[in-house]
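*Asks:* Provided below for reference: sequence and predicted model.
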Amino acid sequence: MFQRIALAATILATPAAALAQTEAKAEFALPELPYSVDALEPAISAATMELHHGKHHQAYVDNLNKALAEEGAPTGKSIEELVAAAGTYTPAIRNNAGGHWNHTFFWESMAPADQRGEMSEELSQAITEEFGSVEEFQAAFEKAGAARFGSGWVWLIVNGDNQLEITSTPNQDNPLMDVAETSGTPLLGNDVWEHAYYLTYQNRRPEYLAAWWDVVNWTKVSERFDATQTQ
């Protein structure tokens with residue numbers, strides 16, 4: 001069963017073409033946002049998006065390229081390969097590869113109002129079976145995000161038993177990593193680092209977590225779920 005989940009994880013582990021290394025320089029590049037910086041307002045402000053994408057994500061890309069340029073660093077690895085074996089690499093590679101993958105996944109997990117779609121019937125049914133209702137799932141997801149001490153992420157995954165599960169990771173770790181306490185294929189992930197919300201919500205992380213549902217791209221999340229069920 002886990003082989004099927006692992007295969008799905010591989011399929012989903014490259015959220016955008018921009019994650020691939022360029023052949024010419026063997027570098028990773030910052031992907032463009034799939035929408036304008038003000039497209040997620042008021043839940044996420046344009047100022048937050050400009051800082052989060054243009055500064056923080058760019059820094060992860062730059063620092064990853066710097067770490068990979070050092071002697072003895074792995075060469076020719078895709079971002080999913082770096083993430084999958086994160087525990088075998090230096091902290092600089094682990095943290096910055098995770099930051100690059102996580103943020104690209106995050107941008108694609110959100111969308112403007114006219115592009116978000118609805119949760120598929122299959123995903124809605126699976127969530128209801130696992131958590132009791134969509135509302136109870138959202139409450140549990142928000143609770144897990146609020147409880148993450150310091151900086152990190154909260155995730156909805158399909159685990160090795162092909163079940164939905166909510167988990168969280170510290171710093172820029174994710175459930176695809178070999179160091180993850182709970183492994184699985186991410187369907188949805190929310191960034192709970194302060195830079196993701198502080199300009200608007202200050203220290204009110206629970207308020208940010210509650211508002212975030214207004215920008216979730218349920219079409220994309222449903223596609224990710226479907227992919228785990230067809231492998």
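*Replies:* Arrived safely.
*Asks:* okay, CA-based contacts and neighbour counts for the rest of this
*Replies:* Noted.
*Asks:* Can you report phi and psi for residue 155?
*Replies:* Per-residue torsions, residue 155: phi -130, psi 150 (degrees, to the nearest 10).
*Asks:* ok, what's across the strand from it?
*Replies:* residue 167, residue 189 (DSSP bridges).
*Asks:* was I right about it contacting residue 189?
*Replies:* Yes. Counting by CA atoms under 8 Å, residue 155 does reach residue 189; the two are 4.3 Å apart.
*Asks:* between the two, who's got more neighbours?
*Replies:* Each of residue 155 and residue 189 has its neighbours counted (other CA atoms under 10 Å); residue 189 has more, 26 against 23.
*Asks:* Would you mind checking the average pLDDT for the biggest helix by length in the chain?
*Replies:* Counting by DSSP state H, the longest helix found in the chain is helix 91-108. Averaging pLDDT along helix 91-108 gives 98.
*Asks:* same question, stretch 120-130
*Replies:* pLDDT averaged over stretch 120-130 gives 98.
*Asks:* Residue 124 touches residue 134, doesn't it?
*Replies:* Yes. Residue 124 is in contact with residue 134 according to CA under 8 Å; the separation is 6.9 Å.
*Asks:* Could you check which of the two is surrounded by more residues?
*Replies:* In terms of neighbours (other CA under 10 Å), residue 134 is the more surrounded of residue 124 and residue 134; the figures are 18 against 15.
*Asks:* Tell me if residue 143 really is in a helix.
*Replies:* Yes. Assessed by DSSP: H, G, I helix; E, B strand; the rest coil, residue 143 belongs to a helix.
*Asks:* residue boundaries of the strands in the protein?
*Replies:* 152-159, 164-170, 184-191 (DSSP state E).
*Asks:* Dump the C-alpha coordinates for the last one into CSV.
*Replies:* Below are the C-alpha coordinates for strand 184-191, written out as CSV (Å, rounded to 0.1, in the frame of the first residue of the first chain):
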residue,chain,number,x,y,z
GLY,A,184,2.7,10.8,3.6
THR,A,185,1.6,12.6,0.4
PRO,A,186,0.7,16.3,1.1
LEU,A,187,-2.7,17.4,-0.2
LEU,A,188,-2.8,20.8,1.6
GLY,A,189,-0.3,22.7,3.6
ASN,A,190,-0.4,26.1,5.4
ASP,A,191,2.6,28.1,6.4
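*Asks:* tell me the mean pLDDT for it?
*Replies:* Strand 184-191 comes out at a mean pLDDT of 98.
*Asks:* tell me the angle that strand makes with strand 152-159.
*Replies:* With axes from the mean of the first three to the mean of the last three CA atoms, to 10 degrees as the basis, strand 184-191 and strand 152-159 are set at 150 degrees to each other.
*Asks:* tell me the angle strand 184-191 makes with helix 91-108.
*Replies:* Going by the same axes, to 10 degrees, strand 184-191 makes 80 degrees with helix 91-108.
*Asks:* Distance from strand 184-191 to the middle of the chain?
*Replies:* In terms of CA atoms, centre = their mean, to the nearest Å, the centre of strand 184-191 is set 5 Å apart from its chain centre.
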